[in-house]
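Enquirer: this is a predicted model, with the sequence first.
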Amino acid sequence: MVEISAGLELRLESCRLNKTGSAHESCTVPEHKSVGAWRSLAARVLWEHEVVGSNPSAPTISLDQTAGPATERAMSPTPIMHVPPVNPRRPLRVGVQLPEVEREVRWPEYVAMARRAEELGFDTVWVGDHLLYRFADGSTRGPWEVWTLLSAIAASTSRVRLGPLVASTAFHAPAMLAKLAATVDEVAGGRLVLGLGAGWNETEFRAFGFPFDHRIDRFEEAFTIIRTLLRDGQIDFDGRYFQARDCELLPRPARPGGPPLLIGSKGARMLRITLPHVAAWNVWFADTDNSPAGVPPLRALVDEICRDVGRDPDAVERTVAVQVQLTGGRGRVQGDYAPARFAPLTGTPEMMAEELSAYAGEGIGEVQLVLDPITLASLDEFAPVLEILDRA
């Protein structure tokens, strides 16, 4: 139970004393913090109580490990994603998206960047799920296939969480996508976050033979099959667009219920389909104008739809992508998802840390950085920002 007293001190009855007998440091928030910060903190303590308290193998924060399993699961039908940053003092998790079509990158550089991100203390690494871009100047670019890449990265790292940002449900039969996710999560030792979306780039749909019509209808059927197989292990589904007749997912995923689900969308219908079930929500930096100031209206939309569909808004973690320009950056090569009407995050490490902390103040639990350029040198250049955040 969460209460906010008149003095604006957050009191969490589920928060335990640590092993030294003192109150856990995340039980209180200074009164200048925003509503989003209260929500972010409440989500973190909820994770500590539900996951750490009920799973002896989960990462341990200073909690009483005698806490019993959580009894309330109705608000979180899939595995929750409210995990703390690698450094518990960091105000939010910081992930990084690996190269897509900015330039042609071969496997040795991919694995070097994933390992370096893990060494530097990034919380997550992400890979886009696209097949082909065609640009106005007549040039074309395409990335590597996401699931093969994720499996190789999973086998080459040990701590960092990873996932597609986000996987298009249109690119595979839904049951096969569930199988791919379960397999990568097994290789990763339970570190996969399954980001899902309907896709938007008509060029790649047409080129690779995937239907572009009725995308949301198709997504709704695919999402039903994917989440049910990962959660329950079986389904018998006969839809208008997809079938999974007497289908079983074997072996079962490494984690009960499968990997946590993340929805990448700001569309009202997509949110109504997914918010009853997902652990987290994400939007691209274009949707927030690459600014913490762009978060509140989208957060309000998610809150409203959560309430409409009977979901506690605090049970759905909020994440956003943030574009960052570093030394040598000249603008990110990307598809035409949205017009570039915003500026990338730039400045000193202190300025960038302050801006990222402002996202935490708006209730964001993780930012996924889209670095320009995305190179090993850029990861190293950004490392001082992580150090400043860890001193927050």
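Expert: Structure received.
Enquirer: burial measure for the nearest residue to R252 once chain neighbours are set aside, as a count.
Expert: Nearest residue to R252, sequence neighbours excluded (C-beta to C-beta, 6 or more residues apart in numbering): G233, at 5.3 Å. (Each C-beta comes from the backbone N, C-alpha and C, glycine too.) Neighbourhood size, G233 [other C-beta atoms under 10 Å]: 18.
Enquirer: show me what the host helix or strand of R318 is packed against.
Expert: Element membership for R318, per DSSP states H and E: strand 317-325. Judged by 3 or more C-beta pairs under 8 Å, 6 or more residues apart in numbering; DSSP states H and E, the packing partners of strand 317-325 are strand 280-283, helix 295-308, helix 349-361, strand 364-372.
Enquirer: M81 is nearest to which of these?
Expert: strand 280-283 (4.4 Å; C-beta to C-beta).
Enquirer: pLDDT score assigned to the closest residue to Q243 other than its chain neighbours?
Expert: Leaving aside its sequence neighbours, Q243 sits nearest to F237 (C-beta to C-beta, 6+ apart; 6.5 Å). Looking at F237, its pLDDT is 98.
Enquirer: coming back round to it: run through who's touching the strand holding R318.
Expert: Strand 317-325 is contacted by residues 43, 80-82, 97, 165, 262, 279-285, 287-288, 290, 295, 299, 302, 332, 342, 344-346, 352, 356, 359, 363-372, 382 when judged by C-beta atoms under 8 Å, 6 or more residues apart in numbering.
Enquirer: give me the low-pLDDT residue ranges for this structure?
Expert: For the chain, the stretches with pLDDT under 70 are 1-80, 333-340.
Enquirer: quick one: the helices in it?
Expert: 35-47, 53-54, 107-120, 146-156, 174-187, 202-208, 215-232, 268-274, 295-308, 349-361, 376-390 (DSSP state H).
Enquirer: contacts for the fourth one?
Expert: If I follow you right, that is helix 146-156. So helix 146-156 is in contact with 98, 107, 110-111, 114-115, 125, 127-129, 162-164, 167, 180, 183-184, 187-189, 191-192, going by C-beta under 8 Å, 6+ apart.
Enquirer: hang on, isn't P143 packed against E100?
Expert: Yes: assessed by C-beta atoms under 8 Å, P143 is found in contact with E100 at 4.7 Å.
Enquirer: before we move on, back to that, H214: which of the helices and strands packed on strand 317-325 is closest?
Expert: Closest among those, using C-beta to C-beta: helix 295-308, at 21.4 Å.
Enquirer: contacts for that closest one?
Expert: By C-beta under 8 Å, 6+ apart, helix 295-308 touches 36, 266, 268, 271-272, 275, 281, 283, 287-288, 312-313, 315-316, 318, 320, 359, 362-364.
Enquirer: just the buried positions in it, please.
Expert: Buried positions in helix 295-308, judged by neighbour count with 16 or more other C-beta atoms under 10 Å: V295, L298, R299, V302, D303, I305, C306.
Enquirer: look up how far D312 lies from the fifth one.
Expert: When you say that, I think you mean D303. To D312, D303 is 10 Å away according to C-beta to C-beta, to the nearest Å.
Enquirer: what does the third one give?
Expert: Distance from R299 to D312, counting by C-beta to C-beta: 14 Å.
Enquirer: got the domain ranges for the chain?
Expert: What automatic domain parsing lists as the domains of the chain is 1-72, 83-390.
Enquirer: tell me the most buried of those domains?
Expert: Highest mean neighbour count of those: domain 83-390, a mean of 19 (counted as mean count of other C-beta atoms under 10 Å).
Enquirer: thinking again about what came up before, Serialize the helices and strands packed on strand 317-325 to JSON lines and add fields for distance to P256.
Expert: Conversion of those to JSON lines gives the following (distance: least, C-beta to C-beta, whole Å):
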{"stretch": "strand 280-283", "distance to P256": "18"}
{"stretch": "helix 295-308", "distance to P256": "24"}
{"stretch": "helix 349-361", "distance to P256": "30"}
{"stretch": "strand 364-372", "distance to P256": "22"}
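Enquirer: out of the helices of the chain, flag the one nearest D137.
Expert: Closest of these to D137 is helix 202-208, at 14.2 Å (criterion: C-beta to C-beta).
Enquirer: what lies in contact with the closest one?
Expert: With C-beta under 8 Å, 6+ apart as the contact definition, helix 202-208 has outside contacts at H130, L131, L132, Y133, R134, G142, A170, F171, G199, F210, P211, F212.
Enquirer: show me what contacts the first one?
Expert: I take that to be H130. H130 touches E100, V101, G142, P143, S168, N201, E204, G335, counting by C-beta under 8 Å, 6+ apart.
Enquirer: how about 10 Å then?
Expert: By C-beta atoms under 10 Å, 6 or more residues apart in numbering, the contact list for H130 reads 100-101, 141-146, 168, 171, 199-201, 203-204, 334-335.
Enquirer: do you know how far it is from E145?
Expert: In this structure, H130 and E145 are 10 Å apart, going by C-beta to C-beta.
Enquirer: what's the overlap in contacts for the two?
Expert: Here H130 and E145 share the contacting residues F171, scored by C-beta under 10 Å, 6+ apart.
Enquirer: just the endpoints, please. Distance across stretch 158-166?
Expert: End-to-end span of stretch 158-166 (C-alpha to C-alpha, to the nearest Å): 22 Å.
Enquirer: relative to the whole chain's centre, how far out is it?
Expert: In terms of C-alpha atoms, centre = their mean, to the nearest Å, the centre of stretch 158-166 is found 8 Å from the chain centre.
Enquirer: same question for stretch 177-194.
Expert: 14 Å.
Enquirer: contact partners for H214?
Expert: H214 is in contact with E220, E221, R240, Y241, counting by C-beta under 10 Å, 6+ apart.
Enquirer: same list (the residues you listed) but as a markdown table, adding distance to E119.
Expert: Listed next are the contacts of H214 as a markdown table, based on distance: C-beta to C-beta, whole Å:
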| residue | distance to E119 |
| --- | --- |
| E220 | 41 |
| E221 | 41 |
| R240 | 48 |
| Y241 | 44 |
